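Trainee: Structure for the following, please:
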Amino acid sequence: MPFRMSTRRLALSLLGAAILVPAAALGQGQARFRNVQVDVGPLRARSGDPTATWVEQTLPGQLAHALGASLAPRDRNGATLIARIDYIYLGPSSGGPGPFGSSQDTIEGTLLVRGARGFASVEIPLRAISSYYPTPVDQALVERAYHDRIFNLSQAFAYWVPGELGL
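Mentor: Model (predicted):
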């Protein structure tokens, strides 16, 4: 009986160390990403297109820009960053209670860091907020206004990623 307990504790300790070591490496700014991917599957199931398509088109480039020197496409030992987008909430198009009649737009997702061998090492939830200031032109060009709002949300999400990863 004591042998089983020590084996179980050892296994749990090793699992905890396997999870914490990559997290500690991220905290020291040593992380290098060879690839950035965006998963909009959950968003597409909830919101549909064109919202999911707009995020899928804009977010990868913004993440690459935000990660800057931490992005090393030729590094075989580099991790893969997957940004899974779960929700987008757009405030009222007519404005809201914010400053100058702005409404709040929100994007929620999860950052998944997969090591070079494909194992998930870190999973970090992330929510970013941007403000929308309605203009009379938005009422005439509704689709463009929504696209711009999604672009701003993607940019806000990408802005917070390096800080959340400890880079």
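Trainee: Nearest spatial neighbour of the residue nearest the centre of the chain, chain-adjacent residues omitted?
Mentor: Geometric centre of the chain, nearest residue: A83, 4.0 Å, by CA atoms, centre = their mean. The shortest distance from A83 to any non-neighbouring residue, by CB to CB, 6 or more residues apart in numbering, is to V38 (5.1 Å). C-beta here means a position set from N, CA and C on the backbone, and glycine is covered the same way.
Trainee: can you check F33 too?
Mentor: Closest to F33 by CB to CB, 6+ apart is L81, at 4.8 Å.
Trainee: so who does the one you found touch?
Mentor: Residues in contact with L81, defined by CB atoms under 8 Å, 6 or more residues apart in numbering, are 33, 35-37, 63, 67, 111-113, 161, 165.
Trainee: One more: R46?
Mentor: 86-87.
Trainee: Against V40, how distant is it?
Mentor: 10 Å (CB to CB, to the nearest Å).
Trainee: so which strand or helix has the residue nearest to the centre of the chain?
Mentor: A83 is part of strand 79-89, with elements assigned from DSSP states H and E.
Trainee: ok, that strand: who's next to it in the sheet?
Mentor: strand 33-39 (parallel), strand 103-114 (antiparallel) (DSSP bridges).
Trainee: Report the buried residues of the longest one.
Mentor: Within strand 103-114, the residues scored as buried using 16 or more other CB atoms under 10 Å are 103, 105-109, 111-114.
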